[in-house]
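>>> Following is a predicted model, sequence given first.
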Amino acid sequence: MQCRLDGQIALVTGASSGIGLGVAQALAEAGASVAVNYNSQREPADRLVDEIVARGGRAIAVGADVSDEDAVAAMFATVVETFGGLDILVANSGLQQDSAVAEMTLAQWRKVIDVNLTGQFLCARAAIRQFDTQGPRQASKARGKIIHMSSVHDIIPWAGHVNYAASKGGILMLMKSLAQEVADRGIRINAISPGAIRTAINKAETEGEKGEKLLDLIPYKRIGAAEDIARVATFLASDMADYIVGTTIYVDGGMTLYPEFNGNG
């Protein structure tokens, strides 16, 4: 058995850059038709669609702010109208607005919670409704699959990033509670929690002296790449993971082992 997704339809939110882009590429390479969601960056989403189509795949770009209920509904309607259904949702959209708590504004708190947590709820709810409505599609053993993109900061506290950490901790329980609720309907829900992943957006923090310092927190002594997350997402979406339900996979080079305590026991 291989990690193939032939005949399946996937929606990846926040797929115009970074981890989301890598996941969309990987799902397409595994045979899925892919809807590439973007919010403000349409051009890279269109480029990714062109790349997928040039390789013989099927893809569309669809814009939506995942924190907007009406926009999410319209996005899902577009995907279903274009491809005829949905098999996989990768709820990846997320952002940071960092601040010490004493200086953090309510707007900063709400923006991160709205996108990172409420956005994942709105997308998961829409996907579950679609899975229930369309019934089994025969392309997969599961009626539908949802992968929530979280972070190691769903369990590792992060001073100066309380809004972000709270949103990711919320995703952990959102995923588990949804998985518990809908597993008996043949819907598999899991999560991926990346550690330090090098992308274009965080290049300054993951290269040079800062990158070397970051390795102190990674027992495996390597900063991850989007491809590391994309491979796990493809596995979780495939029938090879059909008995995995309500689980978070930490793709972090060992960061959640709290390496600072090594030798201090």
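Yep, it's here. Residues are numbered from 1 along each chain as shown.

>>> Only C-alpha atoms from now on, for both contacts and neighbour counts.
Noted.

>>> which residues sit in contact with residue 24?
12, 15, 34, 36, 230 (CA atoms under 8 Å, 6 or more residues apart in numbering).

>>> same question, residue 135
Residues counted as contacts of residue 135 (CA under 8 Å, 6+ apart) are residue 143.

>>> quick one, strands of the protein?
Taking DSSP state E as the criterion, the chain carries its strands at 9-12, 33-38, 59-63, 88-91, 144-149, 187-194, 197-198, 224-225, 248-251.

>>> Present those as TSV; the columns should include distance to residue 264 and mean pLDDT.
Below are these laid out as TSV (distance: least, CA to CA, whole Å; pLDDT from 0 to 100):
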stretch	distance to residue 264	mean pLDDT
strand 9-12	42	98
strand 33-38	45	98
strand 59-63	49	98
strand 88-91	38	98
strand 144-149	32	98
strand 187-194	26	98
strand 197-198	27	95
strand 224-225	26	97
strand 248-251	24	98
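
>>> Save the ones you listed as TSV, and put in distance to residue 213 and mean neighbour count too.
Formatted as TSV, the entries for the strands of the chain read as follows, by distance: least, CA to CA, whole Å; neighbours: other CA atoms under 10 Å:
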stretch	distance to residue 213	mean neighbour count
strand 9-12	32	27
strand 33-38	32	28
strand 59-63	37	23
strand 88-91	30	28
strand 144-149	25	27
strand 187-194	18	25
strand 197-198	14	20
strand 224-225	14	18
strand 248-251	19	19
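
>>> Distance to residue 70 added to these, as TSV?
Output for the strands of the chain, formatted as TSV (distance: least, CA to CA, whole Å):
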stretch	distance to residue 70
strand 9-12	17
strand 33-38	15
strand 59-63	12
strand 88-91	17
strand 144-149	20
strand 187-194	23
strand 197-198	32
strand 224-225	33
strand 248-251	29
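
>>> if we can go back for a sec, residue 195: which of the contacts of residue 24 is nearest?
Relative to residue 195, the closest of these is residue 230; by CA to CA it sits at 13.3 Å.

>>> Show me what the top helix by length along the chain is in contact with.
As assigned by DSSP state H, the longest helix anywhere in the chain is helix 162-182. Outside helix 162-182, the residues that touch it by CA under 8 Å, 6+ apart are 95-98, 101, 108-109, 112-113, 116-117, 120-121, 148, 150-151, 153-158, 187-191, 245-248.

>>> and it, what's its mean pLDDT?
Averaged over helix 162-182, pLDDT sits at 98.

>>> in that helix, what counts as buried?
162-172, 174-176, 178-179 (16 or more other CA atoms under 10 Å).
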